[in-house]
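**Q** Give the three-dimensional model of this entry:
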Amino acid sequence: MTSRTTRRAILAGAATVPALSLPAVGAESDPIYAVIAEHEAAYRIEVEIDAREGQLRELDGDPDTHINAYLSPEDIVETDSPQWKELVRELIASNRRYHAAQWALADTPPTTLAGLQALLTYLAKHQEREAKRFGCAYMAWPERRIGATPDEDSDEDMWAPRLFETLAKAAQS
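**A** Down below sits the predicted model:
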């Protein structure tokens with residue numbers, strides 16, 4: 001039996017390949033794709049640690065170390081269980097990675113139209129899933145850089161204005 005490649009067979013096969021598995025045009029040269037991938041990886045770690053936090057709270061009760069996005073190792077209370085202290089250390093590292101990835105999204109201008117479209121699509125998708133996760137959309141993105149004081153009037157340390165500036169630069173090029 002001979003096999004013949006026809007246009008119809010090629011199109012039928014192509015229809016079975018998910019569109020998202022194909023690299024976008026310009027993906028090799030546009031740095032935004034790597035930034036999006038890093039953000040997604042950091043986000044998945046955050047979600048996994050959040051789930052473990054909930055499970056550990058059920059086992060240990062209310063620990064003395066209160067969790068927030070700006071924790072540092074000095075905030076760990078020695079009276080907490082070893083499991084809780086280890087989780088907090090992981091959370092601190094994860095928060096720093098995730099925060100850096102969020103800022104990289106705001107600081108990295110896409111260099112291609114496909115990259116700009118990918119970034120805007122990703123931002124909307126992430127905003128939507130965070131709104132579902134937290135019950136509100138404002139939790140999806142940081143307000144300020146870690147270490148910036150809220151009384152500063154500078155937009156330089158504010159996430160949303162930085163993102164808008166980056167998108168405007170990308171649209172101009």
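**Q** In this structure, what helix or strand scores lowest on average pLDDT?
**A** helix 7-15 (a mean of 42; mean pLDDT, DSSP states H and E).
**Q** elements contacting the longest helix along the chain?
**A** Criterion DSSP state H: the longest helix present in the chain is helix 32-60. Judged by 3 or more CB pairs under 8 Å, 6 or more residues apart in numbering; DSSP states H and E, helix 32-60 is in contact with helix 82-107, helix 113-134. The C-beta positions use only the backbone N, C-alpha and C, and glycine is treated the same way.
**Q** List the buried residues in stretch 33-44.
**A** Across stretch 33-44, burial judged by 16 or more other CB atoms under 10 Å covers 33, 35-36, 38-39, 42-43.
**Q** which of these lies closest to residue 89?
**A** When the buried residues of stretch 33-44 are compared for distance to residue 89 (CB to CB), residue 42 wins out at 16.4 Å.
**Q** Among the helices and strands packed on helix 32-60, single out whichever gets nearest to residue 159.
**A** Shortest distance between residue 159 and these, using CB to CB, is found for helix 82-107: 5.4 Å.
**Q** Tell me, how many residues neighbour the closest residue to residue 109 other than its chain neighbours?
**A** Using CB to CB, 6 or more residues apart in numbering and skipping residues adjacent in sequence, the residue nearest residue 109 is residue 170, 4.2 Å away. Neighbourhood size, residue 170 [other CB atoms under 10 Å]: 20.
**Q** Done for today, thanks.
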